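Visitor: What follows is a predicted protein model with its sequence.
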Amino acid sequence: MIEVIGLGLNPDFLPPAYRHLIDQAEILAGGNRQLALFPHAPGKKQGLAPSLSHVLEILDQEERAGTRIVVLADGDPLTFGIGTTLIKKMGISRVRIHPGLSTPQTAAARLGKGIKDLDVVSLHGRNDWAPLFASLTHHPLTGIFTDATNSPARIAGACLNRGLTRCIFHIFEDLEGPKEQTVSLTLEEAQQRRDSSLSFVIIEQQDFRPLCFGTADSAFVHERGLITKSLVRAAGLATLHLHPDDIVWDLGAGCGSVCIEGAALLRRGQAFAVEAKPHRMDMIRENIRRFRAWLVEPVLGTMPEALNGLPDPDRIFMGGGARDVQVLTTAMDRLKPGGRLVIHAILLETLETVRKTMADRGWPCSLAQMSGSISDPVAGATRLKPFNPVFIIQADKPENA
């Protein structure tokens, strides 16, 4: 059995039972900083660098041989820690976790909040910022592990660039240490700071409102008549069958209504709203701010060139551009195997182009037509005003395509 001990934020507070396990260990593994805290421990010291995979193999063999092993971790080993990696490698039957007080729990307590109120992401040693913006989309309180590169100042700047406003940016330095400091700033103020590499950040959004479905067309900034109507939008999103961590492309996004409303289902995903016209891109950015759909990234450019730098999608929605065969085939090529493409078409020519292209590629597709009317006041009374019939085309990319 490998004993994994979370050291909390201050090893001076370590329970006696945890210290006993450390004293009895034949192998004491951990990062250099953790091992340096126990210079007199009798066990053999085993660092985790430079090759963690090699160290895991050593620990695996030693545990099978009955060696008493303790692995040290900061805070809670299951909060972006080594504990999860060990369990994945060896199984829970061979690993016992001894949690310590975590940085997020302590930081939340400093604000008078419980850990249940806080969604936590890590930018420590990571280049993917999508989880941060997904968390900000769905949670009023987001905790962030930082590092020297992804510093509080850089995080504040990224939030400002995405359009966030009315936030309190809490920075926690050296929690439970002799130099502990907590400051609460605006995003603009935080962008100018230089903080400790041990900083933890909580972004508190004021006037937070969660995304929801059924948003009225009038709530979006859009060109008159150029928006996917709410009823059709709901049908399109249902057809897309979004999963929480999907990467979604909205091509020819217009005002962005489809991907912004779809963001309600992307708990840890990404959405890219691709639009060629600058004035519509301004509308997309305003709608992102209006609905706080921070995980939606606006992309200004002409397709297919504008798609070059984007990650391959799990889902693609096309509200425009499908008549361009080059754009359509590029989208089909980039879609992940097993992914889904949904196209809304009004013109018969678009329908025929899509169906022929799908047939040439051997992609099975299904077709539905949606038409209807909505109430419209006129001369003190009410009429039913029809909207244009819309073809909804669905195609799933074959796994072997």
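Guide: Arrived safely.
Visitor: list the contacts for residue 219?
Guide: Listed by CB atoms under 8 Å, 6 or more residues apart in numbering, the contact set of residue 219 reads residue 290. (C-beta placed from N, C-alpha, C; glycine too.)
Visitor: Now it. Its backbone dihedrals?
Guide: Per-residue torsions, residue 219: phi -80, psi -20 (degrees, to the nearest 10).
Visitor: Residue 128 now?
Guide: phi -90, psi 110.
Visitor: so what's residue 365 bridging to?
Guide: residue 395 (DSSP bridges).
Visitor: Distance check, it against residue 337.
Guide: Residue 365 is 16 Å from residue 337, where distance means CB to CB, to the nearest Å.
Visitor: between those two, who's got more neighbours?
Guide: Using other CB atoms under 10 Å as the criterion, residue 365 and residue 337 rank with residue 365 on top: 17 against 11.
Visitor: then stretch 71-90 to CSV, C-alphas only?
Guide: C-alpha atoms of stretch 71-90 as CSV (Å, rounded to 0.1, in the frame of the first residue of the first chain):
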residue,chain,number,x,y,z
VAL,A,71,4.4,9.9,-1.2
LEU,A,72,4.3,13.6,-0.1
ALA,A,73,2.0,16.1,-1.7
ASP,A,74,1.0,19.7,-1.2
GLY,A,75,-2.4,20.4,0.2
ASP,A,76,-5.0,17.8,-0.8
PRO,A,77,-3.3,15.1,-3.1
LEU,A,78,-6.5,14.8,-5.1
THR,A,79,-6.8,18.5,-5.9
PHE,A,80,-4.7,18.7,-9.0
GLY,A,81,-2.2,16.5,-7.2
ILE,A,82,-0.1,13.3,-7.4
GLY,A,83,-2.9,11.3,-5.8
THR,A,84,-5.0,11.1,-8.9
THR,A,85,-2.1,10.0,-11.0
LEU,A,86,-1.2,7.2,-8.6
ILE,A,87,-4.7,5.9,-8.4
LYS,A,88,-5.0,5.9,-12.2
LYS,A,89,-1.7,4.0,-12.4
MET,A,90,-2.1,1.5,-9.6
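Visitor: Helices of the chain, start to end?
Guide: 16-24, 32-36, 52-64, 82-90, 103-110, 130-138, 152-162, 187-191, 230-240, 257-262, 278-291, 325-334, 348-361 (DSSP state H).
Visitor: quick one: terminal-to-terminal distance for stretch 354-372?
Guide: End-to-end span of stretch 354-372 (CA to CA, to the nearest Å): 23 Å.
Visitor: Give the buried residues for that stretch.
Guide: Of all the residues in stretch 354-372, those buried under the rule 16 or more other CB atoms under 10 Å are 354, 355, 357, 358, 361, 363, 365, 370.
Visitor: Same question for stretch 143-162.
Guide: 143-146, 150-160, 162.
Visitor: again with stretch 370-387
Guide: residue 370.
Visitor: Find the residue at the geometric middle of this protein.
Guide: residue 131 (2.6 Å; CA atoms, centre = their mean).
Visitor: The closest residue to it other than its chain neighbours: what's it in contact with?
Guide: Excluding its sequence neighbours, the residue lying closest to residue 131 (CB to CB, 6 or more residues apart in numbering) is residue 121, at 4.4 Å. The contact partners of residue 121, by CB under 8 Å, 6+ apart, come to 131, 132, 135, 142, 143, 144, 145.
Visitor: at 6 Å what do you get?
Guide: 131, 132, 135, 144 (CB atoms under 6 Å, 6 or more residues apart in numbering).
Visitor: give me the low-pLDDT residue ranges for the stretch 51-200 of the chain?
Guide: Scanning the stretch 51-200 of the chain for pLDDT under 70 picks out 195-198.
Visitor: again, only using 50
Guide: In the prediction, the stretch 51-200 of the chain carries no residues with pLDDT under 50.
Visitor: follow-up on the earlier one: which among the contacts of residue 121 gets closest to residue 86?
Guide: Set against residue 86, the nearest of the contacts of residue 121 by CB to CB is residue 131 (22.3 Å).
Visitor: Please report how far the residue lying closest to residue 276 once chain neighbours are set aside lies from residue 346.
Guide: Closest residue in space to residue 276, ignoring its immediate chain neighbours: residue 302 at 4.8 Å, by CB to CB, 6+ apart. Here the criterion is CB to CB. By it, residue 302 lies 21 Å from residue 346.
Visitor: Could you do residue 165 as well?
Guide: 36 Å.
Visitor: With residue 333 instead?
Guide: For residue 333 relative to residue 346 (CB to CB), the value is 25 Å.
Visitor: can you check residue 99 too?
Guide: Computed as CB to CB, the residue 99 to residue 346 distance reads 56 Å.
Visitor: And residue 384, by the same measure?
Guide: Counting by CB to CB - residue 384 and residue 346 are separated by 20 Å.
Visitor: circling back: count of neighbours near the residue nearest to residue 276?
Guide: 13.
Visitor: Outline the domain layout of this structure.
Guide: Per the record, the chain has its domains at 2-101, 104-205, 217-396, by automatic domain parsing.
Visitor: Residue 211 is nearest to which of the ones you listed?
Guide: Of all the domains of the chain, it is domain 217-396 that lies closest to residue 211, at 3.8 Å by CB to CB.
Visitor: Start and end of that closest one, how far apart?
Guide: So domain 217-396: terminal residues 29 Å apart, CA to CA.
Visitor: Next, count neighbours for residue 285.
Guide: 18.
Visitor: residues in contact with the spatially closest residue to it that is not a sequence neighbour?
Guide: Nearest non-adjacent residue to residue 285, counting by CB to CB, 6+ apart: residue 298, 5.6 Å away. By CB under 6 Å, 6+ apart, the contact set of residue 298 is 273, 281, 284, 285.
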